[in-house]
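1. need coordinates for the below:
(chains A and B)
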Amino acid sequence: MKGEGSFNDWFWTMIRFVSRRALWGLVTLALLVSFAFIAVNLLLPYDFAVGLGQRSRNIERIREQLGLDRPLWVRWLDYMWHFVRGDLGESYDGYRVSSYIWSPLPTTVMIFAVGGVVAYLLGEWLGRLVAWSRSRVLTAASSTVSVLLFSAFPPWLIFLLTYFVGDRLAQLRSWAGLQPVTGTAPGGPIAVVLAVGLLVAFITGIALRGWARRNQRRALGLLAIPAGLAGFALGLVISGTWTDAVDQMLWPSALTAMLALILIAFGESMLVMRAGVSAEMAEDYVLTARAKALPERLIRDGHVAPNAVLPTLSRLFTSVPYLISGLVIIELSSGTYALGSLFFYAIESGNVPIIIGIIAIVGVIGLVLRIALDIVQAIIDPRIIRADGEPS
Amino acid sequence: MTHATRGHEIGGWADTRKRLRNNKMAVAGFTVLCVFAILAFIHPILQATVWSDNPAVYRPVTGHDSTIDNPSGPSLTHPLGTDPLGRDVLSLMTHGLRPTFLVAIAVALSAGTIGLVVGASSAFYRGRYDRVMSHISDAVVLLPPPLMFLIASKRGLLGPFELGLLYGLFAGLGPAAIVVRSRALAIMEKPFIDAARSVGGSPRWIITHHLLPAVAPHVAVVTLGSVVGALVTQGFVEYLGIGEYRYGLGNLVYNAMSYQKVLLTGVPWSALMAGALGISLLASSFYMMSAGLRQVIDPRQTRRRV
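-> Numbers count the residues shown, from 1 in each chain, chains lettered A, B, ... in the order given. Modelled structure (predicted):
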């Protein structure tokens, strides 16, 4: 509540809350990696020989070299001992797992960040409009479209995208004045900067919007997300990496994957937002606002929508692991060389350490975003912090 | 006394069912599911009756119709057309629906059961058991079942049903258990639980007669939702050809795409659409039932209207 307690109190409560969440996150991460280790080892026991192209008579010797003759729990302890020091171990063919994962990771993270943020904003906007229109036709049409897209078969969606808009997507590059692509996929540090910067700008924007609305600063609330995104774009322009960033995003295969991710993911947030807004529309405060003859737009964007945003956000953030695994499938279908291809290669060759490494990375991304969501929720609505520091 | 107890039960399903019938999304989903269920069982019947004159042409994998140009669009002899190799698409599709259905049933069974048992028991017994199970659920939720499904399908030893059980294990321990637990915790605070305890209700009675009926719709929402991901993943496993089962809807899509490239025929739309839309529509029927059920049990929807 405004004016209740000092900023200092609030600050220290938040610090305690954040550190508890981080500690909890480390325990969860250790559990996750243990489950992944045991499950993957049980599901793919001796397939490593396939990946190494070895004959069966050599298998016993190689098992000993790789330390696979030890019992599973000893290997688990060994793996965890390395993992807590930030080491993902060695793959069966002798390279570091981290070096395998680092090169395709930026592409996946970039597609995921751009696609996820666009899908969320699109879903939030459309859901709000459709619910507010109270039109039966629009409601039915939006339900049908989002349900069909949500359950679309990725290879089919990619096929349709390439068949119908593939040429247009390729033209986008020449319109933007970019060279035709040479490699198989975008990547490199700029993709990471793009992804992390975009996510940070987006999450900060959301938190700022929530905080501003709570504290009756309506103009700041309306401008928070656009300003966050624009600030990020300005940062890219000033640092001279704008062209590089556009180049990354307009990579044809990556762009197709991004579009497919947006199409598959936006329906869910639209449906949740729509349900939230139409439930809120029956509340008394809407009637009060109408009685005061406030403009409809203000009631919709200023009064109703903020109350429906939190469920939408939390649905999006909790489905992050599912979105990333969907992205693995999308990447494989669209022929983007990224985490998806590495994952498939690791499965095909039975290279268990790489698989566990990828699952761990996906888990870390999901976990970090979930903790970020908890913090955003705590900023928007401090009541959710219980006495013991756990969110209720 | 034994006969009077029925009146005291909280029937989560009783009024949910009534409202479900008025929910368009749930009804639409159920209708689509019924259509596909009929399609999945119709293959042997068609083989024995309509196609019995010329069974070789309509055999799902090896059939071939040499009398027409392939791929062909819908016609009287081939209601869904033929694929680039001249196989009847309706026959391929109805045949390929079976593994897809097996996966759906297996996921629903295992995710629902595991979610109910883990979630309800941790809400009922609380304490250390609850804390351990919650941590496990929090970790498993970060372990995406589709990826585990892809990994498990590699060995080719697991059939669609086992793969579905595995998918359901992760979906049940993770999201389903979390939802059930939070609903069950709210139910355990209700006065009728105390009342049941004070008249000597055993834990088993309270769980089976008060807790489970109340959380059943909620676990159904999560379970039906996780079937969607399982069906798409199963289709993708078939598409990649890494699974044990090689005649699914995903294969239909893959074959249509690859033969088109090799044989340089036109795009075999009917084969592509039968496979891809078969997967999508069946998956979306589960999604619609899940979303419809969620709308029905959402307390905010049942309040007064302005």
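2. can you tell me which residues contact the residue in the stretch 1-150 of chain A that chain B sits nearest to?
-> In the stretch 1-150 of chain A, the residue that lies nearest chain B is A:Leu31 (3.7 Å; CB to the nearest CB). For glycine as for every other residue, the C-beta is placed from the backbone atoms N, C-alpha and C. Residues counted as contacts of A:Leu31 (CB atoms under 8 Å, 6 or more residues apart in numbering or on different chains) are B:His135, B:Ile136, B:Asp138, B:Ala139.
3. so the last one sits right up against A:Ile38, yeah?
-> In this case it means B:Ala139. No: contact criterion CB atoms under 8 Å: B:Ala139 and A:Ile38 do not qualify, at 12.0 Å.
4. show me which of those two is the more surrounded one.
-> Set B:Ala139 next to A:Ile38 and count neighbours by other CB atoms under 10 Å in any protein chain shown: B:Ala139 wins out with 23 against 16.
5. what's the neighbour count on the residue in the stretch 51-200 of chain A that chain B sits nearest to?
-> Closest to chain B within the stretch 51-200 of chain A is A:Trp156: 3.3 Å, counting by CB to the nearest CB. Residues lying near A:Trp156 (other CB under 10 Å) number 22.
6. ok, now which ones touch it?
-> Counting by CB under 8 Å, 6+ apart, A:Trp156 touches B:Val253, B:Leu272, B:Gly275, B:Ala276, B:Leu277, B:Ile279, B:Ser280.
7. okay, now the unreliable bits of the chain?
-> No chain in the question, so chain A it is. In the predicted model, chain A carries pLDDT under 70 at residues A:1-5, A:45-57, A:182-185, A:384-392.
8. that's the other chain; I wanted chain B
-> Scanning chain B for pLDDT under 70 picks out the ranges B:1-15, B:70, B:155-156, B:243-246, B:299-306.
9. where along it do the helices fall?
-> Ranges of helices within chain B are B:12-21, B:24-48, B:55-58, B:89-125, B:127-140, B:145-153, B:160-171, B:177-188, B:191-198, B:203-206, B:212-240, B:249-263, B:269-297, based on DSSP state H.
10. same list (those helices) but as JSON lines, adding distance to A:Gly221.
-> Output for the helices of chain B, formatted as JSON lines (distance: least, CB to CB, whole Å):
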{"stretch": "helix B:12-21", "distance to A:Gly221": "36"}
{"stretch": "helix B:24-48", "distance to A:Gly221": "33"}
{"stretch": "helix B:55-58", "distance to A:Gly221": "63"}
{"stretch": "helix B:89-125", "distance to A:Gly221": "37"}
{"stretch": "helix B:127-140", "distance to A:Gly221": "32"}
{"stretch": "helix B:145-153", "distance to A:Gly221": "37"}
{"stretch": "helix B:160-171", "distance to A:Gly221": "37"}
{"stretch": "helix B:177-188", "distance to A:Gly221": "30"}
{"stretch": "helix B:191-198", "distance to A:Gly221": "41"}
{"stretch": "helix B:203-206", "distance to A:Gly221": "47"}
{"stretch": "helix B:212-240", "distance to A:Gly221": "32"}
{"stretch": "helix B:249-263", "distance to A:Gly221": "46"}
{"stretch": "helix B:269-297", "distance to A:Gly221": "29"}
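11. export those to TSV and tack on distance to chain A?
-> Output for the helices of chain B, formatted as TSV (distance: least, CB to the nearest CB, whole Å):
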stretch	distance to chain A
helix B:12-21	15
helix B:24-48	6
helix B:55-58	25
helix B:89-125	11
helix B:127-140	4
helix B:145-153	4
helix B:160-171	8
helix B:177-188	9
helix B:191-198	20
helix B:203-206	24
helix B:212-240	5
helix B:249-263	6
helix B:269-297	3
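12. nearest residue to the residue nearest to the spatial centre of chain A other than its sequence neighbours?
-> With the centre of chain A defined as its mean C-alpha position, the nearest residue by CA atoms, centre = their mean is A:Val320, 4.8 Å away. Nearest residue to A:Val320 in three dimensions, chain neighbours excluded: A:Gly366, at 4.5 Å (CB to CB, 6 or more residues apart in numbering or on different chains).
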